[in-house]
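Asker: predicted structure and sequence below. I'll ask about it afterward.
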Amino acid sequence: MANDGRNVAVVLGASMTGLMASAALQRAGWRAVVIERDELELEGAPTARRGVGQGRHNHNLTALATSTLARLFPGVLDELRGEGATVCDVGRDGRWYVGGLRLARVEVGQPQVLVSRPLLDRVLLRRLGASGGVELRDATDVCGLVEDRGQITGVRVIGRREGKEEVIDANLVVDASGRGSRTPRWLEELGFEAPAEDRVDVSVKYTTRAFRWRPTDLDGDRFVYSSGLAPSWPKGAVVFAVDGERWMILQFAYGDAPPSDLDGFRRFAASLAAPEVAQIAERCEPIGDAATYSFPRSVRRRYDRARMPGGLVVVGDALQSTNPSWGLGITSAAMHVDVLERRLANATRPSDGFHRAALRASEPVWGPVRDRDRSFDSVPGDPSWPFQVLNRLVGGTFAAATTRPDLAKLVLEVITYARSPAGLLRPDRVARSLWTQLDAPRLADPRDAVEVS
């Protein structure tokens, strides 16, 4: 890519975060050079990349993440739909089981995208590759950062095809390389400090299998969410109808992994609150082998408290990585990219104060996920007292949302980050919530609340 006088950013990793950040940079008039270890195939059938650890598992795009994606890549929802992905209403077109209870069906007016990760990557990579403002360098390893008088001025890379080391100069380096980010080590090598880390040990494991989708399955519904129920029901599932006329069923558990063999996978499905998971697993034709994944802990790297050089920002899972069974990794990354986009438009030095602003923006993901995880017996630590109070005040709203479409709409807007949780705290809703909790028996088994028909 020729030097045309524009600011240059080097983006480490063609992750979802890296692709969104590259689009934001391009929209701000910057040139972006994306460095990716994997070989990027833009032709043929989309396949999972080695460097995407969850490439064969379900990915959740909340209302917030979907709106960010649609803004950064105009028309992308129609393009994904044309490639076979499902774009549907987050409430009307599927079934939600929260705390063992099925929410009332309601049209929320917020789209969500159900798509395999390989197809999502393919569509976004093609968009960026054809844009003229983004250069994709695949099969390339990053060796370290280049620093001059407290400013990051580029990166050292080696292209595996040529075996040649070079320095790529940059006005800004964006680390979107995920949980395995080497930035902490590189900073220490340059005489700076690695960031402190906030950690929550969760030991979550999940197993995903694909099944043949038929238009008549679930009377045309396209997804099922079945969450765990704290403190002693540490398992659930996410079911999506995705491209390739497939159901993807992801089953998760804290501690022991859901079985990967077909019979064991079906037995696990039969133990969940949502009977639809077992229906699909039993009645639909299995496709291919199971994929498994283990997630030991949620980690938030406190770059906001570390002595940092200028010209470097860390985003996505490299900054904050949370339990993926809650499906909020892309949402958290979208929050970081939103902050980056605003700073590119309004700041001459976009890295100054970035991490403080980015972690503040994604606190609505980190805090609730940390506290939900700590609500389970198997996860060390206690939920924060604000979470416990809030849970007490609004818990009955979730139960009432099983028969009240207006409350179901509110709950889903909060869950998908289309609305602030403050909407749940209106005095009349709090009063109704508390009354509902006093009036309703406590469930010993979440399946007791499920009407199977």
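Answerer: Right, received. Where do you want to start?
Asker: neighbours of the residue nearest to Thr153 when sequence neighbours are not counted, how many?
Answerer: Nearest in space to Thr153, with sequence neighbours left out and distances taken as Cβ to Cβ, 6 or more residues apart in numbering, is Val146 at 5.2 Å. Bear in mind the C-beta positions are built from the backbone N, C-alpha and C, glycine included. Residues near Val146, counting by other Cβ atoms under 10 Å, number 19.
Asker: check which helix or strand covers Val146.
Answerer: Element membership for Val146 (DSSP states H and E) is strand 140-148.
Asker: could you give the bridge partners of the nearest residue to Glu189 once chain neighbours are set aside?
Answerer: Take Glu189 and drop its neighbours on the chain: the residue closest to it by Cβ to Cβ, 6+ apart is Gly144, 6.6 Å away. Judged by DSSP bridges, the bridge partners of Gly144 are Arg156.
Asker: just use 14 as the starting number from now, easier for me
Answerer: Sure, I'll start numbering at 14, so the last one becomes Gly157.
Asker: against Thr229, how distant is Gly157?
Answerer: The spacing between Gly157 and Thr229, counted by Cβ to Cβ, to the nearest Å, is 56 Å.
Asker: okay, the two: which has more neighbours?
Answerer: Using other Cβ under 10 Å as the criterion, Gly157 and Thr229 rank with Gly157 on top: 15 against 7.
Asker: contact partners for the more buried one?
Answerer: Contacts for Gly157 (Cβ atoms under 8 Å, 6 or more residues apart in numbering) come out as 168-169, 199, 202.
Asker: got CSV for those, with neighbour count too?
Answerer: Output for these, formatted as CSV (neighbours: other Cβ atoms under 10 Å):
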residue, neighbour count
Val168, 23
Arg169, 15
Trp199, 22
Glu202, 12
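Asker: biggest separation within these, which pair?
Answerer: Val168 and Glu202 (12.9 Å; Cβ to Cβ).
Asker: domain ranges for the protein?
Answerer: For the chain, the structural domains run 21-89+131-211+311-379, 99-126+213-309, 398-462, going by automatic domain parsing.
Asker: then Glu178 would be within a strand, right?
Answerer: Yes: Glu178 forms part of a strand when assessed by DSSP: H, G, I helix; E, B strand; the rest coil.
Asker: excluding its backbone neighbours, what's nearest it?
Answerer: Nearest non-adjacent residue to Glu178 (Cβ to Cβ, 6+ apart): Ile171, at 4.8 Å.
Asker: neighbours of Ser129, how many?
Answerer: If you count neighbours by other Cβ under 10 Å, Ser129 ends up with 26.
Asker: same question but for Val402, I mixed them up
Answerer: Under the neighbour criterion other Cβ under 10 Å, Val402 is assigned a count of 10.
Asker: wait, Arg44 sits on Val21?
Answerer: Yes: using Cβ atoms under 8 Å, Arg44 makes contact with Val21 at a distance of 4.9 Å.
Asker: just want the most central residue of the protein.
Answerer: With distances taken as Cα atoms, centre = their mean, Gly342 lies nearest the centre of the chain, 2.4 Å away.
Asker: so who does that residue touch?
Answerer: 72, 329-330, 334-335.
Asker: okay, those residues in TSV with pLDDT and distance to Val352 next?
Answerer: Output for those, formatted as TSV (pLDDT from 0 to 100; distance: Cβ to Cβ, whole Å):
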residue	pLDDT	distance to Val352
His72	91	22
Gly329	98	12
Asp330	97	16
Ser334	97	17
Thr335	97	17
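Asker: which one of those residues is nearest to Gly277?
Answerer: For the contacts of Gly342, the nearest to Gly277 is His72 (24.2 Å; Cβ to Cβ).
Asker: can you pull the contacts of the residue lying closest to that closest one once chain neighbours are set aside?
Answerer: What sits nearest to His72 in space, not counting adjacent residues and going by Cβ to Cβ, 6+ apart, is Arg130, at 5.2 Å. Applying Cβ under 8 Å, 6+ apart, we find Arg130 in contact with 61, 65, 67-70, 72.
Asker: where's Glu298 relative to Ala223, distance?
Answerer: The value you get for Glu298 to Ala223, if Cβ to Cβ is used, is 10 Å.
Asker: who has more neighbours out of the two?
Answerer: Neighbour count, other Cβ under 10 Å: between Glu298 and Ala223, Ala223 has more, with 21 against 10.
Asker: so the more buried one makes contact with Ala303?
Answerer: No: using Cβ under 8 Å, Ala223 is not in contact with Ala303, being 9.0 Å away.
Asker: what count of nearby residues applies to the closest residue to Gly329 other than its chain neighbours?
Answerer: Leaving out its chain neighbours, the residue that sits closest to Gly329 by Cβ to Cβ, 6+ apart is Thr30, at 2.9 Å. Counted with other Cβ under 10 Å, the neighbours of Thr30 add up to 30.
Asker: next: the one 5 residues further on.
Answerer: Neighbour count for Ser35, taken as other Cβ under 10 Å: 31.
Asker: again with Pro197
Answerer: Neighbourhood size, Pro197 [other Cβ under 10 Å]: 18.
Asker: Trp109 too?
Answerer: Every residue meeting other Cβ under 10 Å relative to Trp109 is counted, giving 24.
Asker: could you do Asn404 as well?
Answerer: When neighbours are counted by other Cβ under 10 Å, Asn404 registers 15.
Asker: got it, and Cys297?
Answerer: Quick note: Cys297 (other Cβ under 10 Å) scores 17 neighbours.
Asker: buried sites along the helix or strand hosting Ala358?
Answerer: Assigned by DSSP H and E, Ala358 belongs to helix 342-359. In terms of neighbour count (16 or more other Cβ atoms under 10 Å), helix 342-359 has its buried residues at 342-354, 356-357.
Asker: same for the helix or strand that it is followed by, what does it pack against?
Answerer: Following helix 342-359 in sequence order, the next helix or strand is helix 367-374 (DSSP H and E). Applying 3 or more Cβ pairs under 8 Å, 6 or more residues apart in numbering; DSSP states H and E, one finds that helix 367-374 contacts strand 325-327, helix 342-359.
Asker: flag the shaky bits of this structure, pLDDT-wise.
Answerer: Residue ranges of the chain with pLDDT under 70: 14-18, 438-466.
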